[in-house]
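Undergrad: Generate a structure from the sequence data that follows.
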Amino acid sequence: MENFEYGNPTQIVFGRGRVKEIGELAIQYGKRALVVTGAKGGASDKPYFLIEQSLKEAGIEFRRFDGVRPNPTTEQVTRGADLAREFKADVVIGLGGGSAMDTAKAIAVEATHPKTAWEYNCHTDGPTEMTLPIIAVGTTAGTGSQVTPCAVITKTETKDKSAIWNRNIYPKVALVDPQLTDSMPPAVTAQTGFDAFCHNFEAYLSVNTNPLAETMALEAIRLITEFLPRVVIDGNDLEARDQMAWADTLGGLTNATAGVTLPHGLGMQIGGHCPHVTHGQALAVIYPQFTRYTRESAVKKFAVVGRIMNPDLEEKSDEEASCGCCEAIDFMLKKIGLWISMNDLNISDEELKEIADCGQVLGDYANNPRVATIPEMLEILKACRIRTE
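TA: This is a model prediction of the structure:
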């Protein structure tokens, strides 16, 4: 066994109804909280009111920044950081999906540093310990952002989607309350749930993985295989909601230590160039071609996952089971309504070329068992133009 290290400083508070504890958790970090959410009148309103009540009971003053939109931009972050400084916030609470939690992390950086959050991205030395404390409260089950040192943002004028990746933006607390995911519609459930699958599958494949990450990833893959199709069909299946919230958290923990691979590198660029495409859709459209591209370089690992996803592969050879893994992932995408093509997403050939040209901007591609060149990335993307049954 190779030497490895694992560490995650985030306190995980998990369980139904625990959102009511946010006040007593936040008071550890100060008495003035900025709560970062999506637009008023949206899905974050109900959990926001629960948080509002708990903060009041704890004697915490608070302001709401409701400027988060999918694929958050540097402009959104700056508006939130300006409010945090004006309000003199002691702590930033991110409430929502990955976009809200990532925006909260970036706000916590920009509010306390001389430059914009973008100027502390993964191509730099990153932000300092001056970053405001962050509490992450997820309302989806997929991004894992509540336990990662990552905040993804887009620089609009250059269509450049990048990330801050630094231990100083690990949330102090991840409050994982599955109850907050109960109202997710099927499409959001599917897209965020598939993102959780990808975090774990890619962390398992990553050349930077380790035995602990592999153990967590395989458990999450088992849970997602069983419970994601169930909860997409029946959003009132509370057992499935709970298990997906846990699989999502595992995906954040595996991603934080092992990283992700080629689909996330390309998927992030799709989001940067085509902001109408959600992150889950960007991953789903790539995956059938990605699995075929990568399989021969990781036959054993594909076989292990194939046997988890399809018990009929148990007695098959590694070669057969690895091919079966690709088919099992296809089958899951079809079951959850994400068997989609570039045509379905209205992505042009010119945009595909731009996406491929940026495919090595982030280092995720280098974690893949088979490292793709930019021409190969373009071929993968082009092969996703049409999806046959």
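Undergrad: So what's the gap between stretch 10-23 and the chain middle?
TA: 20 Å (CA atoms, centre = their mean, to the nearest Å).
Undergrad: With stretch 245-260 instead?
TA: 9 Å.
Undergrad: Output it as CSV - backbone C-alpha positions only.
TA: In CSV, the C-alpha atoms belonging to stretch 245-260 read as follows (Å, rounded to 0.1, in the frame of the first residue of the first chain):
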residue,chain,number,x,y,z
ALA,A,245,-27.5,13.5,1.1
TRP,A,246,-25.0,11.1,2.6
ALA,A,247,-23.6,10.0,-0.8
ASP,A,248,-23.3,13.7,-1.7
THR,A,249,-21.3,14.4,1.4
LEU,A,250,-19.1,11.4,0.7
GLY,A,251,-18.5,12.8,-2.8
GLY,A,252,-17.3,16.1,-1.4
LEU,A,253,-14.9,14.2,0.9
THR,A,254,-13.5,12.1,-1.9
ASN,A,255,-13.2,15.0,-4.3
ALA,A,256,-11.4,17.1,-1.6
THR,A,257,-8.7,14.5,-1.3
ALA,A,258,-8.4,12.8,-4.7
GLY,A,259,-9.8,15.3,-7.1
VAL,A,260,-12.0,14.7,-10.1
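Undergrad: Looking at it now, give me its mean pLDDT.
TA: Averaged over stretch 245-260, pLDDT sits at 98.
Undergrad: how about that stretch: buried residues?
TA: Of all the residues in stretch 245-260, those buried under the rule 16 or more other CB atoms under 10 Å are 245-260. Where C-beta positions appear, they are placed from N, C-alpha and C, glycine not excepted.
Undergrad: among these, which are in helices?
TA: Applying DSSP state H to the buried residues of stretch 245-260, the entries found in helices are 245-258.
Undergrad: Val101 against Gly142, yeah?
TA: In this structure residue 101 is Met, not Val. No - using CB atoms under 8 Å as the test, Met101 is too far from Gly142 to be in contact (11.4 Å).
Undergrad: pull the longest helix from this structure.
TA: helix 211-233.
Undergrad: What strand or helix carries Val36?
TA: Assigned by DSSP states H and E, Val36 belongs to strand 32-38.
Undergrad: Neighbours of Asn208, how many?
TA: When neighbours are defined as other CB atoms under 10 Å, Asn208 has 13 of them.
Undergrad: Please, where are all the strands along the stretch 101-250 of the chain?
TA: 134-138, 150-155, 160-165, 173-176 (DSSP state E, counting those that start in this stretch).
Undergrad: just those: most buried one?
TA: Of all those, strand 134-138 has the most neighbours on average by mean count of other CB atoms under 10 Å, namely a mean of 30.
Undergrad: Starting from that strand, tell me which strands it pairs with and how they run.
TA: With DSSP bridges as the test, strand 134-138 is paired with strand 91-96 (parallel), strand 173-176 (parallel).
Undergrad: So which elements touch the worst-scoring helix or strand of the chain on mean pLDDT?
TA: The weakest-scoring helix or strand in the chain, judged by mean pLDDT, DSSP states H and E, is strand 160-165 (a mean of 92). On a contact count with 3 or more CB pairs under 8 Å, 6 or more residues apart in numbering; DSSP states H and E, strand 160-165 meets helix 98-110, strand 150-155, helix 262-273.
Undergrad: biggest separation within the buried residues of stretch 245-260, which pair?
TA: For these, the farthest-apart pair by CB to CB is Ala245 and Gly259; their separation is 22.3 Å.
Undergrad: burial count for Ile340?
TA: Count around Ile340 with other CB under 10 Å applied: 17.
Undergrad: how close does it sit to Ile347?
TA: Ile340 sits 11 Å away from Ile347, going by CB to CB, to the nearest Å.
Undergrad: Work out which residue lies at the spatial centre of the protein.
TA: In the chain, the C-alpha nearest the mean C-alpha coordinate belongs to Thr143, at 2.5 Å (CA atoms, centre = their mean).
Undergrad: quick one: contacts for it?
TA: Residues in contact with Thr143, defined by CB atoms under 8 Å, 6 or more residues apart in numbering, are 97-98, 101-102, 192, 195-196, 248, 252, 279.
Undergrad: which one of these sits closest to Ser322?
TA: Of all the contacts of Thr143, Ser322 sits closest to Ala196, with 22.0 Å by CB to CB.
Undergrad: Please read off the pLDDT at that closest one from the model.
TA: On the pLDDT scale, Ala196 gets 98.
Undergrad: Next: Ile380.
TA: Looking at Ile380, the pLDDT reads 98.
Undergrad: Was I right to think it contacts Tyr293?
TA: Yes - between Ile380 and Tyr293 a contact is recorded at 5.9 Å, counting by CB under 8 Å.
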